[in-house]
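Q: After the sequence you'll find the predicted model.
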Amino acid sequence: MIRLGAEPSKMREIELDDVFLSRLQLLVVMSKAYLNGYPLGRHRINSILENANHVKMEAVGLEEDLEWFKDDESFQDTMGFDSAFYQRVKLLSVMAEAIAKGHDLESHKKEALEKNLNAVCKAITFNKQVSEIQFLKVA
Amino acid sequence: MKIAVVDADPIVRDFVVGTLMYSVNREVLPFENGLDALIYFEDYGAPDIIVGDVNMEDLTGTELLDKVKGLNRGTIVILYSDLPDKEEVVKTAGADAFLAKPFGVSELFSLVQRFVVDGRSGNA
């Protein structure tokens, strides 16, 4: 039996914040795969649309929480992101939806997507390269 | 290649389904409990891979594993839990992999690489 995931001392339930970050990481991988010219397919397209929508809705909610409670000292943003970060996440979601809907991004939009991806990856300290994920090269 | 995800928690289940669906570009079947999953497998055949929570009402992950391996010994069963002592339980039950919560996309990609692309059993 193989074992993956948290060390025994760090095991706990998966919280909403964990799912938001994991889905955001997935959205990053999806966008990088597009920039690398990896193939899509019917189920991949559905998965991108569902994931982008989920991340966008969560980002809207989290940004609203941030704004609503900004003067409340008792409020603790557990993830520590600012409003600009959530704006970037929403933009990434919209771009991913456009990709899934078959809109071919022009070169300057691809550059904008890459810049946005780099900023999001830096904020969440996620540096997985899609070239490491060999199975994404086939649909 | 048929993959099923069994978890009562829709937030985790949908995330796992979405990640696996993207990875393999195939439909992934979601089930909210072990009993519904088992009834489906008895009617339509056991899937190639099952990913599921250990802690489920009616039919636990290890009970589902036992029933599914009875239907098809070749089915890969991957179980996850937030409780460290479940790892030994899952191993004894004959699971191919144990996922310790919290896990993310990297762990799910590793499972796809191991069991879908490389096609190896965790007990080989």
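A: Cool, got the structure.
Q: sec struct for A:G61, please.
A: Three-state call for A:G61 (DSSP: H, G, I helix; E, B strand; the rest coil): helix.
Q: Could you measure from it over to B:R26?
A: 31 Å (Cβ to Cβ, to the nearest Å). Quick note: C-beta positions are derived from backbone N, CA and C, even for glycine.
Q: ok, how many other residues are close to A:F81?
A: Counted with other Cβ atoms under 10 Å in any protein chain shown, residues neighbouring A:F81 total 17.
Q: Just the pLDDT at it, thanks.
A: For A:F81, the pLDDT comes out at 78.
Q: So it, which state does it fall into?
A: Classified using three-state DSSP, A:F81 is coil.
Q: show me the contacts for it.
A: A:F81 sits next to A:62, A:66, A:123 when contact means Cβ atoms under 8 Å, 6 or more residues apart in numbering or on different chains.
Q: same thing with B:K69?
A: Taking Cβ under 8 Å, 6+ apart, we find B:K69 in contact with B:75, B:77, B:94.
Q: Am I right that A:K128 sits in a strand?
A: No. With three-state DSSP as the criterion, A:K128 is located in coil rather than a strand.
Q: what does chain A put close to chain B?
A: For chain A, the contact set with chain B under Cβ under 8 Å from any Cβ of the partner chain comprises A:1-9, A:11-16, A:18-19, A:21-23, A:25-26, A:29-30, A:41-44, A:46-48, A:50-51, A:54, A:128, A:133-136, A:139.
Q: bridging residues for the residue of chain A found nearest chain B?
A: Nearest to chain B in chain A, going by Cβ to the nearest Cβ, is A:G5, at a distance of 3.5 Å. Beta-bridge partners recorded for A:G5 (DSSP bridges): B:A100.
Q: what's the neighbour count on it?
A: A:G5, neighbours per other Cβ under 10 Å, totals 22.
Q: Tell me the spacing between it and A:F126.
A: Using Cβ to Cβ, we find A:G5 at a distance of 17 Å from A:F126.
Q: Figure out the helix or strand that A:I48 lives in.
A: Assessed by DSSP states H and E, A:I48 sits inside helix A:42-68.
Q: I'd like the average pLDDT over that helix.
A: In the prediction, helix A:42-68 has an average pLDDT of 92.
Q: any idea how far that helix is from the chain center?
A: 8 Å (Cα atoms, centre = their mean, to the nearest Å).
Q: picking that back up, among the contacts of B:K69, which one sits closest to chain A?
A: B:G94 (8.2 Å).
Q: Quick one: residues contacting the residue of chain B found nearest chain A.
A: At 3.5 Å from chain A, B:A100 is the closest residue in chain B, using Cβ to the nearest Cβ. Shown in contact with B:A100 (Cβ under 8 Å, 6+ apart): A:3-8, A:11, B:80-82, B:84, B:87.
Q: who wins for neighbours among the residues you listed?
A: Counting by other Cβ under 10 Å, top hit in these: B:Y80 with 27 neighbours.
Q: Provide the partner residues of it in its beta bridges.
A: B:Y80 forms beta bridges with B:D53, B:L99, as assigned by DSSP bridges.
Q: Contact partners for it?
A: A:5, B:51-54, B:98-101, B:103.
Q: now do B:L65
A: B:50, B:77, B:79, B:93-95 are the contacts of B:L65 under Cβ under 8 Å, 6+ apart.
Q: On the pLDDT front, check A:T78 for me.
A: 66.
Q: Buried by neighbour count: which residues of stretch A:107-125 qualify?
A: Applying a neighbour-count criterion of 16 or more other Cβ atoms under 10 Å in any protein chain shown, one finds A:113, A:116-117, A:119-121, A:123-124 buried in stretch A:107-125.
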